[in-house]
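> give me a model of this one.
(one chain, ligands or ions: 1)
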Amino acid sequence: MDLGIRGRRALVCAASKGLGRGCAEALAAAGVDLTINARGAEALAATAQAIRTAHGVSVTEVAADITDPDGRARALAAAGEVDILVTNAGGPPPGMWHDWSRDDFIAALDANMLTPIALMQALLPGMMERGWGRVVNITSGSVKAPIPQLGLSNTARTGLTGFVAGTARQVAGRGVTINNLLPGIHATDRADALDGAVVKAEGITLDEARARRAATIPAGRYGTPAEFGAACAFLCSQHAGFVVGQNLLLDGGAINATL
Ligand code: NAP
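This next block holds a predicted model:
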(Lines give C-alpha, C1' and ligand atoms only; values in the text may rest on other atoms or scores of the structure.)
Protein backbone atom coordinates (compact mmCIF):
# COMPACT_ATOMS: atom_id res chain seq x y z
CA MET A 1 0.00 0.00 0.00
CA ASP A 2 1.29 3.49 -0.84
CA LEU A 3 1.08 5.32 2.49
CA GLY A 4 0.90 8.70 0.73
CA ILE A 5 3.65 10.29 2.84
CA ARG A 6 6.64 10.18 0.45
CA GLY A 7 8.66 13.39 0.87
CA ARG A 8 7.20 14.20 4.30
CA ARG A 9 9.60 14.91 7.17
CA ALA A 10 9.64 13.16 10.53
CA LEU A 11 11.36 13.47 13.90
CA VAL A 12 11.68 10.02 15.47
CA CYS A 13 13.02 10.12 19.03
CA ALA A 14 15.05 7.39 20.74
CA ALA A 15 15.47 5.59 17.43
CA SER A 16 18.92 4.00 17.22
CA LYS A 17 17.52 0.65 18.39
CA GLY A 18 14.36 -1.23 19.24
CA LEU A 19 10.87 0.11 18.66
CA GLY A 20 11.98 3.65 17.75
CA ARG A 21 14.26 2.24 15.09
CA GLY A 22 11.42 0.04 13.83
CA CYS A 23 9.29 3.17 13.39
CA ALA A 24 12.12 5.07 11.67
CA GLU A 25 12.74 2.18 9.26
CA ALA A 26 9.06 1.85 8.34
CA LEU A 27 8.68 5.60 7.74
CA ALA A 28 11.85 5.61 5.63
CA ALA A 29 10.46 2.69 3.61
CA ALA A 30 7.45 4.92 2.88
CA GLY A 31 9.77 7.65 1.58
CA VAL A 32 9.83 9.91 4.65
CA ASP A 33 12.96 12.00 5.33
CA LEU A 34 14.07 11.61 8.92
CA THR A 35 15.71 13.26 11.88
CA ILE A 36 16.53 10.51 14.36
CA ASN A 37 17.80 10.78 17.89
CA ALA A 38 19.43 8.71 20.64
CA ARG A 39 22.09 9.40 23.28
CA GLY A 40 24.80 7.06 22.00
CA ALA A 41 26.36 8.60 18.88
CA GLU A 42 27.94 5.42 17.54
CA ALA A 43 24.81 3.25 17.35
CA LEU A 44 22.84 6.24 16.08
CA ALA A 45 25.31 6.85 13.23
CA ALA A 46 25.22 3.16 12.27
CA THR A 47 21.41 3.14 12.23
CA ALA A 48 21.25 6.37 10.21
CA GLN A 49 23.65 4.96 7.63
CA ALA A 50 21.76 1.67 7.39
CA ILE A 51 18.49 3.54 6.78
CA ARG A 52 20.03 5.83 4.13
CA THR A 53 21.49 2.83 2.32
CA ALA A 54 18.31 0.77 2.49
CA HIS A 55 15.77 3.47 1.63
CA GLY A 56 17.57 6.41 -0.03
CA VAL A 57 15.95 9.01 2.23
CA SER A 58 17.73 11.83 4.01
CA VAL A 59 18.57 11.02 7.65
CA THR A 60 19.83 13.67 10.09
CA GLU A 61 21.26 12.39 13.38
CA VAL A 62 21.09 14.19 16.70
CA ALA A 63 23.00 12.47 19.51
CA ALA A 64 21.27 13.85 22.59
CA ASP A 65 19.20 12.94 25.62
CA ILE A 66 15.67 13.75 24.50
CA THR A 67 14.54 14.08 28.13
CA ASP A 68 17.01 16.91 28.73
CA PRO A 69 15.81 20.39 27.71
CA ASP A 70 19.06 21.20 25.87
CA GLY A 71 19.12 17.86 24.07
CA ARG A 72 15.48 18.31 23.10
CA ALA A 73 16.17 21.83 21.80
CA ARG A 74 18.98 20.47 19.61
CA ALA A 75 16.77 17.72 18.21
CA LEU A 76 13.97 20.18 17.48
CA ALA A 77 16.36 22.67 15.83
CA ALA A 78 17.82 19.98 13.58
CA ALA A 79 14.40 18.60 12.66
CA GLY A 80 12.93 21.98 11.68
CA GLU A 81 9.41 21.91 10.21
CA VAL A 82 8.32 18.31 10.55
CA ASP A 83 5.03 16.72 9.50
CA ILE A 84 5.42 13.61 11.66
CA LEU A 85 6.55 13.26 15.28
CA VAL A 86 7.22 9.92 16.94
CA THR A 87 7.93 10.35 20.66
CA ASN A 88 9.90 7.73 22.56
CA ALA A 89 12.48 7.42 25.34
CA GLY A 90 13.80 4.68 27.58
CA GLY A 91 11.41 3.25 30.15
CA PRO A 92 11.79 3.68 33.93
CA PRO A 93 13.43 0.91 36.00
CA PRO A 94 11.36 -1.78 37.76
CA GLY A 95 11.01 -1.73 41.54
CA MET A 96 8.59 -1.75 44.46
CA TRP A 97 5.95 0.87 45.21
CA HIS A 98 7.36 1.63 48.68
CA ASP A 99 10.90 2.33 47.45
CA TRP A 100 10.27 5.10 44.93
CA SER A 101 11.18 8.62 46.06
CA ARG A 102 9.83 11.91 44.81
CA ASP A 103 12.96 12.20 42.63
CA ASP A 104 12.25 8.79 41.05
CA PHE A 105 8.73 9.92 40.18
CA ILE A 106 9.93 13.27 38.80
CA ALA A 107 12.48 11.47 36.58
CA ALA A 108 9.82 9.10 35.23
CA LEU A 109 7.34 11.91 34.67
CA ASP A 110 10.03 13.94 32.89
CA ALA A 111 11.03 11.10 30.58
CA ASN A 112 7.72 9.45 29.78
CA MET A 113 5.14 12.21 30.18
CA LEU A 114 6.58 15.73 30.14
CA THR A 115 9.11 15.07 27.33
CA PRO A 116 6.50 13.90 24.79
CA ILE A 117 4.22 16.74 25.91
CA ALA A 118 7.02 19.30 25.37
CA LEU A 119 7.75 17.85 21.92
CA MET A 120 4.07 18.10 20.98
CA GLN A 121 3.86 21.67 22.30
CA ALA A 122 6.84 22.58 20.12
CA LEU A 123 5.67 20.91 16.91
CA LEU A 124 1.86 20.93 16.92
CA PRO A 125 1.54 24.66 16.12
CA GLY A 126 3.50 24.28 12.85
CA MET A 127 1.56 21.18 11.86
CA MET A 128 -1.75 22.97 12.52
CA GLU A 129 -0.60 26.02 10.58
CA ARG A 130 0.28 23.84 7.58
CA GLY A 131 -2.96 21.83 7.95
CA TRP A 132 -1.39 18.36 8.20
CA GLY A 133 0.41 16.45 10.90
CA ARG A 134 0.79 13.10 12.60
CA VAL A 135 1.96 12.37 16.13
CA VAL A 136 2.52 8.85 17.45
CA ASN A 137 3.59 8.37 21.06
CA ILE A 138 5.21 5.09 22.02
CA THR A 139 3.72 4.34 25.44
CA SER A 140 3.10 0.86 26.88
CA GLY A 141 0.51 -1.84 27.37
CA SER A 142 0.84 -0.88 31.05
CA VAL A 143 -1.60 1.94 30.30
CA LYS A 144 -4.36 -0.66 29.79
CA ALA A 145 -3.25 -3.25 32.33
CA PRO A 146 -0.79 -2.27 35.04
CA ILE A 147 2.56 -4.05 35.33
CA PRO A 148 3.01 -3.85 39.13
CA GLN A 149 6.83 -3.79 39.17
CA LEU A 150 6.80 -0.99 36.57
CA GLY A 151 4.77 1.40 38.71
CA LEU A 152 6.81 4.42 37.61
CA SER A 153 5.94 3.59 34.00
CA ASN A 154 2.27 2.93 34.82
CA THR A 155 2.06 6.33 36.50
CA ALA A 156 3.85 8.52 33.94
CA ARG A 157 2.37 6.94 30.83
CA THR A 158 -1.17 7.15 32.13
CA GLY A 159 -0.64 10.90 32.59
CA LEU A 160 0.53 11.21 28.98
CA THR A 161 -2.49 9.20 27.83
CA GLY A 162 -4.81 11.66 29.56
CA PHE A 163 -3.07 14.61 27.92
CA VAL A 164 -3.35 13.03 24.48
CA ALA A 165 -7.02 12.14 24.94
CA GLY A 166 -7.98 15.79 25.29
CA THR A 167 -5.39 17.40 23.04
CA ALA A 168 -6.04 15.06 20.09
CA ARG A 169 -9.60 16.42 19.97
CA GLN A 170 -8.35 20.01 20.03
CA VAL A 171 -6.05 19.66 17.01
CA ALA A 172 -7.96 17.16 14.83
CA GLY A 173 -9.89 19.91 13.04
CA ARG A 174 -6.62 21.27 11.66
CA GLY A 175 -5.61 18.03 9.94
CA VAL A 176 -3.40 16.83 12.79
CA THR A 177 -3.85 13.46 14.48
CA ILE A 178 -2.32 12.25 17.75
CA ASN A 179 -2.44 8.58 18.68
CA ASN A 180 -0.58 6.25 21.03
CA LEU A 181 0.99 2.88 20.28
CA LEU A 182 1.00 0.55 23.30
CA PRO A 183 3.66 -2.15 23.04
CA GLY A 184 3.37 -5.43 24.83
CA ILE A 185 6.57 -7.42 24.95
CA HIS A 186 8.79 -6.98 21.88
CA ALA A 187 12.21 -8.48 21.16
CA THR A 188 14.47 -5.51 21.96
CA ASP A 189 17.20 -4.62 24.45
CA ARG A 190 14.48 -3.42 26.84
CA ALA A 191 12.91 -6.89 26.81
CA ASP A 192 16.36 -8.40 27.45
CA ALA A 193 16.77 -6.10 30.45
CA LEU A 194 13.37 -7.09 31.87
CA ASP A 195 14.07 -10.79 31.24
CA GLY A 196 17.56 -10.31 32.73
CA ALA A 197 15.93 -9.26 36.01
CA VAL A 198 13.94 -12.54 36.02
CA VAL A 199 17.16 -14.49 35.31
CA LYS A 200 18.78 -12.86 38.33
CA ALA A 201 15.80 -13.28 40.64
CA GLU A 202 15.01 -16.90 39.74
CA GLY A 203 18.35 -18.37 38.70
CA ILE A 204 17.13 -19.49 35.27
CA THR A 205 18.71 -18.87 31.83
CA LEU A 206 17.73 -16.01 29.53
CA ASP A 207 16.22 -18.50 27.07
CA GLU A 208 14.13 -20.02 29.84
CA ALA A 209 12.93 -16.58 30.94
CA ARG A 210 11.97 -15.71 27.35
CA ALA A 211 10.19 -19.02 26.79
CA ARG A 212 8.28 -18.61 30.04
CA ARG A 213 7.14 -15.11 29.07
CA ALA A 214 6.31 -16.09 25.48
CA ALA A 215 4.08 -18.87 26.83
CA THR A 216 1.89 -16.21 28.51
CA ILE A 217 1.19 -14.53 25.14
CA PRO A 218 -1.61 -15.97 22.97
CA ALA A 219 0.53 -15.34 19.85
CA GLY A 220 3.20 -17.50 21.52
CA ARG A 221 6.09 -15.16 20.77
CA TYR A 222 7.49 -11.66 21.24
CA GLY A 223 6.59 -8.90 18.77
CA THR A 224 9.20 -7.50 16.40
CA PRO A 225 10.33 -3.89 15.88
CA ALA A 226 9.40 -4.27 12.18
CA GLU A 227 5.78 -5.17 13.02
CA PHE A 228 5.64 -2.29 15.47
CA GLY A 229 7.10 0.11 12.90
CA ALA A 230 4.54 -0.93 10.29
CA ALA A 231 1.70 -0.01 12.66
CA CYS A 232 3.38 3.33 13.35
CA ALA A 233 3.79 4.07 9.64
CA PHE A 234 0.11 3.35 9.05
CA LEU A 235 -0.93 5.76 11.81
CA CYS A 236 1.35 8.36 10.18
CA SER A 237 -0.07 7.70 6.72
CA GLN A 238 -2.44 9.70 4.59
CA HIS A 239 -5.04 6.95 5.17
CA ALA A 240 -5.18 7.37 8.96
CA GLY A 241 -6.53 10.92 9.08
CA PHE A 242 -9.77 9.79 10.79
CA VAL A 243 -7.94 7.90 13.57
CA VAL A 244 -7.90 10.40 16.43
CA GLY A 245 -6.81 9.98 20.05
CA GLN A 246 -6.66 6.20 19.94
CA ASN A 247 -4.57 3.76 21.96
CA LEU A 248 -3.51 0.84 19.78
CA LEU A 249 -2.30 -2.19 21.71
CA LEU A 250 0.31 -4.40 20.02
CA ASP A 251 0.73 -7.30 22.43
CA GLY A 252 -0.03 -10.59 20.68
CA GLY A 253 -3.23 -10.83 22.74
CA ALA A 254 -1.40 -10.76 26.09
CA ILE A 255 -3.91 -8.45 27.78
CA ASN A 256 -7.07 -10.49 28.17
CA ALA A 257 -9.76 -7.89 27.56
CA THR A 258 -12.77 -7.58 25.26
CA LEU A 259 -12.11 -3.93 24.39
P1 NAP B 1 15.44 -0.29 23.59
O2 NAP B 1 15.53 -1.45 22.68
O3 NAP B 1 16.23 -0.30 24.85
O4 NAP B 1 15.81 1.01 22.73
C5 NAP B 1 15.75 2.26 23.31
C6 NAP B 1 16.21 3.30 22.29
O7 NAP B 1 15.95 4.58 22.85
C8 NAP B 1 17.70 3.26 22.01
O9 NAP B 1 17.92 3.69 20.69
C10 NAP B 1 18.28 4.24 23.03
O11 NAP B 1 19.54 4.71 22.61
C12 NAP B 1 17.18 5.31 22.97
N13 NAP B 1 17.03 6.11 24.17
C14 NAP B 1 16.79 5.66 25.43
N15 NAP B 1 16.69 6.68 26.28
C16 NAP B 1 16.87 7.81 25.54
C17 NAP B 1 16.89 9.19 25.85
N18 NAP B 1 16.72 9.62 27.11
N19 NAP B 1 17.09 10.09 24.86
C20 NAP B 1 17.29 9.67 23.59
N21 NAP B 1 17.27 8.37 23.23
C22 NAP B 1 17.07 7.45 24.21
O23 NAP B 1 13.92 -0.01 24.07
P24 NAP B 1 12.56 -0.41 23.32
O25 NAP B 1 12.22 -1.80 23.65
O26 NAP B 1 12.63 0.00 21.91
O27 NAP B 1 11.52 0.49 24.14
C28 NAP B 1 11.12 1.76 23.71
C29 NAP B 1 10.07 2.25 24.69
O30 NAP B 1 8.95 1.36 24.68
C31 NAP B 1 10.56 2.32 26.14
O32 NAP B 1 10.02 3.44 26.78
C33 NAP B 1 10.02 1.05 26.74
O34 NAP B 1 9.83 1.15 28.14
C35 NAP B 1 8.69 0.93 26.01
N36 NAP B 1 8.20 -0.44 26.01
C37 NAP B 1 8.92 -1.44 25.45
C38 NAP B 1 8.43 -2.73 25.49
C39 NAP B 1 9.20 -3.89 24.90
O40 NAP B 1 8.81 -5.03 25.09
N41 NAP B 1 10.30 -3.68 24.18
C42 NAP B 1 7.17 -3.00 26.07
C43 NAP B 1 6.45 -1.96 26.62
C44 NAP B 1 6.98 -0.67 26.60
P45 NAP B 1 20.59 5.32 23.69
O46 NAP B 1 20.60 4.38 24.85
O47 NAP B 1 21.87 5.39 22.94
O48 NAP B 1 20.06 6.66 24.05
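> and the stretch 101-250 of the chain, which of its residues are near the ligand?
138, 140-141, 183, 185-186, 188-191 (C-beta under 6 Å from any ligand atom). In this view, the C-beta of every residue, glycine as well, is placed from N, C-alpha and C.
> what subset of the residues you listed is buried?
Buried by 16 or more other C-beta atoms under 10 Å: 138, 140-141, 183, 185-186, 188, 190-191, out of those.
> circling back: tell me which of the residues of the stretch 101-250 of the chain next to the ligand fall in strands.
138, 183 (DSSP state E).
> which of the residues of the stretch 101-250 of the chain next to the ligand has the weakest pLDDT?
Among these, Arg190 carries the lowest pLDDT, at 88.
> in this structure that one contacts Gly18, no?
Yes - the pair Arg190 / Gly18 is scored as a contact, 6.1 Å apart, by C-beta atoms under 8 Å.
> if we can go back for a sec, tabulate the buried ones among the residues of the stretch 101-250 of the chain next to the ligand (TSV), appending distance to Ile84.
Compiled in TSV, these are given as follows (distance: C-beta to C-beta, whole Å):
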residue	distance to Ile84
Ile138	13
Ser140	21
Gly141	23
Pro183	19
Ile185	26
His186	21
Thr188	21
Arg190	23
Ala191	26
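> tell me, how many neighbours does Ala64 end up with?
20 (other C-beta atoms under 10 Å).
> need phi/psi at it.
Backbone torsions of Ala64, given as degrees, to the nearest 10, read phi -160, psi 160.
> surely it meets Ile36?
No - Ala64 is not in contact with Ile36 according to C-beta under 8 Å; the separation is 11.0 Å.
> out of the buried ones among the residues of the stretch 101-250 of the chain next to the ligand, who's nearest Phe105?
Comparing these against Phe105 with C-beta to C-beta places Ser140 closest, at 16.5 Å.
> which parts of the stretch 101-250 of the chain are strands?
133-138, 176-183, 247-250 (DSSP state E, counting those that start in this stretch).
> ranking those by burial, who's on top?
Highest mean neighbour count of the strands of the stretch 101-250 of the chain: strand 133-138, a mean of 26 (counted as mean count of other C-beta atoms under 10 Å).
> listing partners with orientation, what would you give for that strand?
As defined by DSSP bridges, the strand partners of strand 133-138 come to strand 84-87 (parallel), strand 176-183 (parallel).
> how about the strands of the stretch 101-250 of the chain in a markdown table, adding distance to Ala78?
Listed next are the strands of the stretch 101-250 of the chain as a markdown table, based on distance: least, C-beta to C-beta, whole Å:
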| stretch | distance to Ala78 |
| --- | --- |
| strand 133-138 | 18 |
| strand 176-183 | 21 |
| strand 247-250 | 28 |
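> do you know which of those strands lies nearest Gly95?
strand 176-183 (20.1 Å).
> name the residues that touch that closest one?
19, 120, 124, 127-128, 132-141, 143-144, 160-161, 164, 167-168, 171, 223, 228, 231-232, 235, 240-241, 243-251 (C-beta atoms under 8 Å, 6 or more residues apart in numbering).
> if we use 6 Å, what do you get?
19, 127-128, 133-141, 143, 164, 168, 232, 235, 243-244, 246-250 (C-beta atoms under 6 Å, 6 or more residues apart in numbering).
> flag the shaky bits of the stretch 101-250 of the chain, pLDDT-wise.
Along the stretch 101-250 of the chain, no part satisfies pLDDT under 70.
> centroid-nearest residue for this protein?
Closest residue to the average C-alpha location of the chain: Ile138 at 2.6 Å, with C-alpha atoms, centre = their mean.
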